[in-house]
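In: I would like to see how this sequence folds:
(chains A and B)
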Amino acid sequence: MAGSSKKVYEVFVSKIPWTLASKEMKDYFGQFGQVKKCLVPFDKETGFHRGFCWIGYTSEEGLNNALQKDPHVLEGSTLQVQRNRKVFLGQKTNKEVVETS
Amino acid sequence: MAALLRSARLLKFSPSGFLQRTGTNRNGPQLSRLYSGAIGGKGSGVCSRQIVPGPYRVRHYAMVTEQRGPHTDESSLGVRSKQAQQFDWALAKLDSSVRRTGRITKTLLLRIFHDICRTGYPSGNQALLLLRSCGSLLPEMPLAERTELAHRIWDKLQELGASYDASHYNALLKVYLQNEFKFSPTEFLAKMEAAGVQPNRVTFQRLIAAYCHDGDIEGASTILGFMKSKDLPITEAVFNSLVTGHARAGDMESSESILQVMKGAGIEPGPDTYVALLNAYAERGDMDKIKQTLEAVENTDTSLMDRDLMQVVFSLSKAGHQQHVPEIVERMRHERGYVPDAMNLCLSLITQGQEDTAFTVLKTFPTLQQETQSGDSPTLGNFFLRHCVNMDKPVDKVARYCKELQDSSYHATPLQFTLYCCLEAKKTGTLHPSEKLEVMKMMKEQGQPIRPHYFWPLLTQHAKDQNTTGIMEVLKGMQELDVPADVETMSFYVLPAFPNIDAARDAFKEMGCSLESEGFLSSEMRSEASSGNLAGLLVMSEYLPVFQLRLNGFLCPFIMSKHTSITGHYADNHAVSYFLYNLMDSMTEAEVQAQEDKLRQYFNQLKSMGIIIPGNIYRGIRNLLDSYHVLILKDLKKQHEADMVAGSYAALIHLCCRHDNVEEALNLKRELSRKDSSVSLDSSKYVALVKVLTKQGRLEEAVDMLKEMKEKEVVVRDTTVTLLFHVLNAAAMKGDVVAVRRLQDTIFTLGLATPTANLCSPLVSAHLETKDLGGALEAAMECQKQYGQLPRIHDVICGLVERGDTELLQKAMDFVSQERGEMTMLYDLFFAFMQTGRHREARKIIETPGLRARPGRLQWYAEKCINGNQMESLESMVDMTAKLFECDRDELYHYVLRLCKDTNDWRKAEATWTKMQEENVIPRERTLRILADILKSNGQEVPFEVPEVWYEQAADREAQSETKPEGSKGKATKSASTQAATAENNPADYQFRLLTLCKKGKAKEAYDMLKDIERKGVTLGPAPYDSLIRALLAEGSMENAMVVKEIAVGRIPGFKLNDIANSLLIITQVKRGLAKDGMSTLKSMLQGDQVPSKLSVTRLVQSLGSHGDVQGIQEVEVLMKGLGTPLNLSSMVFLNNTAMAHIKNGDLDSAVEGLEAVYTQGDGPQGPAASMAFVFRKVLEENNGAALDKLSAMAERLANHFSSYRAASDLFLQLLEANMVEDAKFMLAVGKIKTLMTLIPDFTEKETLYPYLMKCYGVDNDLVSAKALYQQMQTEGVEADELCLKRLAVLYRNAGETVPFTEPPVSADAERTRITGSLYYSIPVGKVQPRSKTATVE
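Out: The predicted structure follows:
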């Protein structure tokens, strides 16, 4: 158990329409595997999100399932889904923007 | 394209397909019309088709300048080049917008307007550009607003000193016509006359059009008669106007007959004539006539385009005959560019209240185009919906459009998009919240979900304004729509607006909202957690029974710490980690340390409960990591070994590398890979490892690390390449050739980075460092062969020349010649000779027959000389290149003058000018200007006419027209101010002159003039007052500036000094020693939401320091922290000056204490970068021995006990500087330098240091020490420069010993002057840098 929870298998999702937020993303991407993390950054100035998010799966399987499906169409919009290539930058997270759920 | 427009004169010749779509046959004739300007025929219908408003009329946007004032043509191009650049930029922006869409947005136009205002002194071209944009290019803006904007721009630019000529007035007229602005043509003419601008043909044409718009044929005839009397040609445009004029006067017969009259006059009716006629019929709703006319046109040469028909649609609709619109729309041929044109038509129609017609047009849009291959739902009509929202169209109407769009499959989700526009438009405050809710209700009725985050855009502004009423209103709306406010809504947008939780709770109660919703409670938790308030949380635990939700896990650890009896089931790790993260993040370092035990306990408890701590919390811990001990972390790591995530490992590894703890770093890395082999570190961690391994001589391991980087496909960024260079260079500086080569080869063969000259250079540097010139040459050659780079070849050749190694030199030259060509080789050799002072040899090289000037290389060397302050070298280069083929002499002399300017050497500058005359070089304007600047700033008379900038010319022009023509140019401005007394009391006139004087730096004259104006009781705009105040302050005339301010306040209620003026005021006050006044100015600025300049604050703090005002400094520091936009002031400004204040007060202990703290608590934000050079310098300057002793003791202490060398190096460098000023202090310095050398064993600036020491020994006449030093220099491989050797030689000779080396060929005279005079010679160029570095923080 401890082994699987340490590593996050992440996808990066972009072209998200403004009508969808973290709940919808989590629900949709939940079909491919257990979602452990879902980050949808919102702009505090405008109150709109920035059109992209990160989905973290607990298992590699979830990640692969999500990546295999193409296209991802949600409420009439095609989402762009790709493997997250972000490496550990050792940076402080931007508290203003990132929002967890 | 833009280049064509740089000069106004060119402007009218550049009508090329610029804004017009090419490929239409309309282009040809119109262009010729513009070109010819001929009488009759289609001669001069400038923009005639643009008279009638409509979006599609202004395609000739940038080509209609008929007349320009004479002065712009003559104005000096150099000064205007910046304006020209800006003009180009603005033009390109507007142009691309018009090209793509046929319109400009208000935002873009305003931005350009403000940009131009900010830079000040707008050019005529810029003014024209802005004015021209205020008409039908803004279809989204109501007509009245457009005109208003035009007037605003007109006034503002005039205030800023733009001068208007006929072209500007004509542009304004055009805007009036396009915006259907009612104005009196006679008044307009009177205005022009008053301004001394002659109306021209275009002016009259447009005035006729204006009369005709109102159906005033009589008025039009008057102007027509006037034109005839002036023998001005009557063009097609005039006839077209008359067609409209008669029709509007109700006389269709006369209107129709104009076409015959035209033919009689030999002018064929053009498309515009027919459009005018069609519009006339359209206004009457006469479809039969329209059809007849359209058929008639078919039989002529002319053809009408969609764009023309769109005008007819517009006229029909505006006149209330929209039922005929479909018939016209059907006739459109959907030519290329139909969509943008039709879009603009729709926008104009919507703006002018004809949205139903606009919708009819919208439905003609081709749908195929919209259904792109992306498979996304169609979204046709977004622009339409958005503009409806922006124009506040009624909700039900927009809803109707939405339904129709959806039903006919134009748009899949029109309501959603409308809502988006509504929400987005909140800032402009269009639709009321209730209407936005209305849209959501409709969506709900359609069965579409309404989500909490739809309300966030509505909440953001309220949350920012802490407008709780507004927030509650939105929440009520949410309730009405059955959307529960979730945790995010509450904690990000609602609760922060309330002063505290209780207030929020009360407001909720009042509204009847449930307090027990999950959203409210959990966000309440969050807010408590993020304020680190454990007590609050415990209070909240009373709510626990109320909601047995996911928050259980969140709370329990903390409740446990109090009531360990409670055990629970922990469902949600996220909640726990979120809480911990917030807690960590909001606690200060001290708090964390204080609660360290407690925290550790929590972690243990969590662990025992089986709660896994994921990434977030470790991010929190990582924050701790940077701010305090690694120890705690290692501890933490040990405790939670099982739960460590990769990020934490990476951070720890980096930290260990930074502390040179390579074993620990490698251990951590191994541990990490044991845990999860798929994880890889990022490039900066790898490079850090490579660096530390190389540093410790573990080369093979470093190479393995690089290989691993490649294997793991670590992303290499630009910064990584820079880091790699530093690794290589660090090894090179140690002369470790093997390491450099091994690493470099590995990097390039692995493809981690591409071989650039920069990355190749360390290999050469390593050889140079060990004085192995042969090796350096080989290395450079190798780089050329392998990677096509020839790094540091200049340095190598210089070294060879200096050493006189002809064999190697020959080899190098052959190689360069072969690889890069003979010319390059010759230049390399030339510069090497120049650099090493072998000017005779250099001359021979540069005089090689057939050699051409290479401006780039000459510039490279010239810049090197300018930066290194090597006048002699620069001058000889200029001298030697006199005969060089294609050499830009003016350019080269300009370099010399630049250096003269830097050194403020007016004699040399003057001599340079004479030389230029000798050489018959014609100076460019900028050369003359820089020369004049140097002479002027030294109080010398300028012996030539300085090319003047435009405002001066303008002033001269005015002055000349008013005074006798013989008034010489030099005196012209003076006469301008004296003439002001007799001129009529025209504020604009005064304003202009005042601005001119201010800009010329003649503040006193301007001041006198203002007093004169004031006596007459004339009120000026705020700009001239402001400029004058700034000009006076810049001169330090604070009293006069304050008088002006009083005048301004009296004249203009609410007049305030702006940021710049206030900052200047502070500086002036401080200069006068009025630190207290400066302080109150600063405070009043901050109260007025103004931002002081960095310099003014620094000066103020310095002044407070020198007054011993510790409290004042603290006060300023607090004020600066409260500033919304941080100035990025170094905290050392405050620290250093506080110390100065203490010193001033004689409280040396406090001073030392304050400074020492900076370095002993060294991991603080300033860290080792903090410089206290300022304090040392001041103390040295003030000759404060007691303070210096204390501070030196402190520096020693810091170096000895805390390994913090910064203070010592600062002191050292400041001593060096002081030494330069006072030779007498050398004695003292020997001891100091030596002490410091032992203090700072790895002080790298040996090349700087040794010559100084040698100099000191020279002064002391201490041959023994000097010999020893020379010995040391030789063993350490520090090269002794000529002066050093010379000094040593003098010592030998004084002692009667023979000099054991060749004495440098420096004459005794020259030497003496150098030793006593020039400082630069003794410091190798480029080594001066550390001084300037320390001097930056004051």
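In: how about the residue of chain A found nearest chain B, secondary structure?
Out: Proximity of chain A to chain B (C-beta to the nearest C-beta) peaks at residue A:47, 3.4 Å away. The C-beta positions use only the backbone N, C-alpha and C, and glycine is treated the same way. Secondary structure, DSSP: H, G, I helix; E, B strand; the rest coil: residue A:47 is coil.
In: which residues touch it?
Out: Listed by C-beta atoms under 8 Å, 6 or more residues apart in numbering or on different chains, the contact set of residue A:47 reads B:423, B:453, B:456, B:457, B:458, B:459, B:460, B:493.
In: out of those, who's the most crowded?
Out: Comparing the contacts of residue A:47 on neighbour count, residue B:493 comes out first with 28 neighbours (neighbours: other C-beta atoms under 10 Å in any protein chain shown).
In: test for you: state the pLDDT assigned to that one.
Out: Residue B:493 is assigned a pLDDT of 84 by the prediction.
In: ok, residue B:390 next?
Out: 88.
In: ok, the one 4 residues further on next?
Out: pLDDT, residue B:394: 89.
In: number of nearby residues for it?
Out: Here the number of neighbours of residue B:394 (other C-beta under 10 Å) works out to 11.
In: for it, grab phi and psi.
Out: phi -60, psi 140 (degrees, to the nearest 10).
In: and the host helix or strand of residue B:1194, what does it pack against?
Out: Residue B:1194 belongs to helix B:1185-1202 when assigned by DSSP states H and E. For helix B:1185-1202, the packing partners by 3 or more C-beta pairs under 8 Å, 6 or more residues apart in numbering or on different chains; DSSP states H and E come out as helix B:1148-1160, helix B:1173-1181, helix B:1206-1221, helix B:1226-1239.
In: make it 7 Å
Out: helix B:1148-1160, helix B:1173-1181, helix B:1206-1221 (3 or more C-beta pairs under 7 Å, 6 or more residues apart in numbering or on different chains; DSSP states H and E).
In: chain A next: which of the contacts of residue A:47 are close?
Out: Restricting those to those within reach of chain A (C-beta under 7 Å from any C-beta of the partner chain) leaves B:453, B:456, B:457, B:459, B:460.
In: for residue B:423, see how far away the third one is.
Out: Computed with C-beta to C-beta, to the nearest Å, the distance linking residue B:457 and residue B:423 is 4 Å.
In: could you find the closest non-adjacent residue to residue B:686?
Out: residue B:709 (4.7 Å; C-beta to C-beta, 6 or more residues apart in numbering or on different chains).
In: what's near enough to touch that neighbour?
Out: Going by C-beta atoms under 7 Å, 6 or more residues apart in numbering or on different chains, residue B:709 touches B:683, B:686, B:752.
In: out of those, which one sits closest to chain A?
Out: residue B:683 (8.1 Å).
In: per-residue confidence for that closest one?
Out: On pLDDT, residue B:683 comes in at 83.
In: and it, what does it touch?
Out: By C-beta under 7 Å, 6+ apart, the contact set of residue B:683 is B:709, B:714, B:715, B:716, B:717, B:720.
In: in stretch B:100-111, what's buried?
Out: Using 16 or more other C-beta atoms under 10 Å in any protein chain shown as the test for burial, stretch B:100-111 gives B:101, B:102, B:103, B:104, B:108, B:109.
In: need the max-distance pair from these.
Out: B:102 and B:109 (14.5 Å; C-beta to C-beta).
In: coming back round to it: rank the helices and strands packed on helix B:1185-1202 by pLDDT, which is bottom?
Out: helix B:1206-1221 (a mean of 60).
In: and residue B:447, what element?
Out: Residue B:447 is part of no helix or strand when elements are defined by DSSP H and E.
In: what stretches of chain A score poorly on pLDDT?
Out: A:1-8, A:86-101 (pLDDT under 70).
In: gap between the nearest residue to residue B:384 once chain neighbours are set aside and residue B:347?
Out: Among residues not flanking residue B:384 along the chain, residue B:362 sits closest, at 5.3 Å (C-beta to C-beta, 6+ apart). Distance, residue B:362 to residue B:347, using C-beta to C-beta: 11 Å.
In: same question for residue B:1091.
Out: Distance from residue B:1091 to residue B:347, by C-beta to C-beta: 38 Å.
In: now the contacts of residue A:47 in a markdown table, with distance to residue B:397?
Out: Formatted as a markdown table, the contacts of residue A:47 follow (distance: C-beta to C-beta, whole Å):
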| residue | distance to residue B:397 |
| --- | --- |
| B:423 | 19 |
| B:453 | 27 |
| B:456 | 27 |
| B:457 | 23 |
| B:458 | 22 |
| B:459 | 27 |
| B:460 | 28 |
| B:493 | 31 |
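In: touching, residue B:354 and residue B:316? I think so.
Out: No. Residue B:354 is not in contact with residue B:316 according to C-beta atoms under 7 Å; the separation is 9.7 Å.
In: so between the two, which is more surrounded?
Out: Neighbour comparison, residue B:354 and residue B:316: the larger count goes to residue B:316, with 27 against 23 (by other C-beta under 10 Å).
In: report the contact partners of that one.
Out: Here residue B:316 is in contact with B:282, B:322, B:324, B:325, B:328 (C-beta under 7 Å, 6+ apart).
In: mind listing the helices for chain A?
Out: Taking DSSP state H as the test, the helices found in chain A are A:2-6, A:22-29, A:60-68.
In: distance to chain B and mean neighbour count added to those helices, as TSV?
Out: Shown next, in TSV, are the helices of chain A (distance: least, C-beta to the nearest C-beta, whole Å; neighbours: other C-beta atoms under 10 Å in any protein chain shown):
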stretch	distance to chain B	mean neighbour count
helix A:2-6	5	13
helix A:22-29	7	19
helix A:60-68	9	16
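In: buried stuff in stretch B:834-849?
Out: B:834, B:835, B:836, B:837, B:839, B:841, B:842, B:843, B:845, B:846.
In: list, one by one, the residues from the stretch 1051-1200 of chain B near chain A.
Out: Checking the stretch 1051-1200 of chain B against chain A by C-beta under 7 Å from any C-beta, there are no hits.
In: among the contacts of residue B:316, which ones are in strands?
Out: Using DSSP state E, no member of those sits in strands.
In: give me the residue from the stretch 951-1100 of chain B nearest chain A.
Out: residue B:1089 (19.3 Å).
In: what kind of secondary structure is that residue in?
Out: The local conformation at residue B:1089, judged by three-state DSSP, is coil.
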